[in-house]
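Engineer: All I have is the shape, not the residue letters:
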């Protein structure tokens, strides 16, 4: 059988990599066989099977069981072992947290092979569908609308039933049909009321019935109900340095957590991170700088001034030594009001007298005078804007690197949804996905690494 598995076949790499791991310290259960009972499956063998499956678009436990009977590569990798689908599925569920440690071990291996540049990482997020349909996900507004619709239909059917009582010529079958519809609507309305009570008691903004941790994503993602996947990609070879799964709909507030974890995985004290406009949040930018991560995040074009076509805030120049703003008309705006935004101190700059006589007022505001707010710690954003202006090519590096893994995972690996429920199980599943993406042979590596020829020895 060994003749059918070439020396450069990826299954040989999977076999060597898993054999080099300390599965007990990684958190896998049943690594030591018991003295009593029949022999169990080695967790290393089942881990090899899952890595191979995720690498080759075979994620279902039943399909993996079938591969152990007919796929020569899998038969070689499993050494003729043929676990049933329940054993395979139980292994994934019971070792969900250990898969993340295996992912980190592979990051260490890639570092030893000098596959990380460890200078610039790109962070981005995508949404993958959960095992929960949109019809089994509710918000307070959705529940209120559904209950109101049920009430309208119920009133309509009750009115029709009253009309039937007044007209003896209507067939009895029609009456029975109306009564069945009324009973069905009452039953549905009772369920909706229970869901509303459950949602109010939970304190959450959404309720998912099939997968309680899944959340309805923004309509622009076309995912429906799912999870928010965050990755940090080293720009040298587009390898994932960190991956996380959240059920938060927005990317705001996730930059520091993802980038700092990637920095620790890569073993460096300082690293640059680039992300898109969806991560632009002053608290997150400040935390990045404090944790040894230098952020590059472009400012989004949003706000009433942008919507109305007025001068944007960036066109008001801040003079640090005088603590004033200079407007596009050359006038000076000074501090007038103090404000709080998300517990952050802010100041509003105003020059009402100059605005009244300004020829550019129609391009600046439709109010009596223009107000410009500035955070007390906005110097952080000013520094980042200067960095971006000096190195605009970093935004192109972001697109070229972080979009590649998501495209490969969704298109080449065929994963657009999850098979497991609850966020901890989903995190374990995506750890397998990210690991399989990194193992996949690709062009662009050093010549001796384009094919799998690395012999791994335990430390």
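Structural biologist: Alright, I've got the coordinates. Small disclaimer: the values here were computed from a predicted structure and weren't measured. Numbers count the residues shown, from 1 in each chain.
Engineer: For the stretch 201-350 of the chain, which segments count as helices?
Structural biologist: Along the stretch 201-350 of the chain, the stretches classed as helices by DSSP state H, counting those that start in this stretch are 255-266, 282-290, 304-308.
Engineer: Out of those, which is closest to residue 125?
Structural biologist: Smallest distance to residue 125 across the helices of the stretch 201-350 of the chain (C-beta to C-beta): 8.5 Å, for helix 255-266. No exception for glycine: its C-beta is placed from N, CA and C like everyone else's.
Engineer: so that closest one versus helix 282-290, what angle?
Structural biologist: Angle of helix 255-266 versus helix 282-290, following axes from the mean of the first three to the mean of the last three C-alpha atoms, to 10 degrees, is 20 degrees.
Engineer: returning to that earlier point: please identify the deepest-packed of the helices of the stretch 201-350 of the chain.
Structural biologist: Highest mean neighbour count among these (mean count of other C-beta atoms under 10 Å): helix 255-266, with a mean of 23.
Engineer: Which strands and helices lie in contact with that helix?
Structural biologist: Judged by 3 or more C-beta pairs under 8 Å, 6 or more residues apart in numbering; DSSP states H and E, the packing partners of helix 255-266 are helix 96-112, strand 120-129, strand 225-234, strand 239-246, strand 271-274, helix 282-290, strand 293-296.
Engineer: who's the closest residue to residue 339 other than its chain neighbours bridged to?
Structural biologist: Excluding its sequence neighbours, the residue lying closest to residue 339 (C-beta to C-beta, 6 or more residues apart in numbering) is residue 346, at 4.4 Å. Beta bridges link residue 346 to residue 339, residue 375, judged by DSSP bridges.
Engineer: got the residue ranges for the helices in the stretch 351-459 of the chain?
Structural biologist: Counting by DSSP H, counting those that start in this stretch, the stretch 351-459 of the chain has helices at residues 352-356, 361-364, 379-390, 393-407, 423-439.
Engineer: Let me know which of those is tucked in deepest.
Structural biologist: Per-stretch averages of neighbours, counted by mean count of other C-beta under 10 Å, single out helix 423-439 among those, with a mean of 22.
Engineer: What helices and strands are in contact with it?
Structural biologist: helix 10-19, helix 43-55, helix 85-94, helix 96-112, strand 225-234, strand 239-246.
Engineer: right, and the residue nearest to residue 339 touches residue 376 too?
Structural biologist: Yes: with contact defined as C-beta atoms under 8 Å, residue 346 reaches residue 376; the gap is 6.5 Å.
Engineer: Of these two, give the one with the bigger neighbour count.
Structural biologist: The neighbour comparison of residue 346 against residue 376 (other C-beta atoms under 10 Å) goes to residue 346, with 17 against 11.
Engineer: Any regions of this structure where pLDDT drops low?
Structural biologist: Filtered on pLDDT under 70, the chain yields the residue ranges 38, 164-176, 441-459.
Engineer: could you redo the last one with a cut-off of 50?
Structural biologist: Along the chain, the parts satisfying pLDDT under 50 run over 446-455, 458-459.
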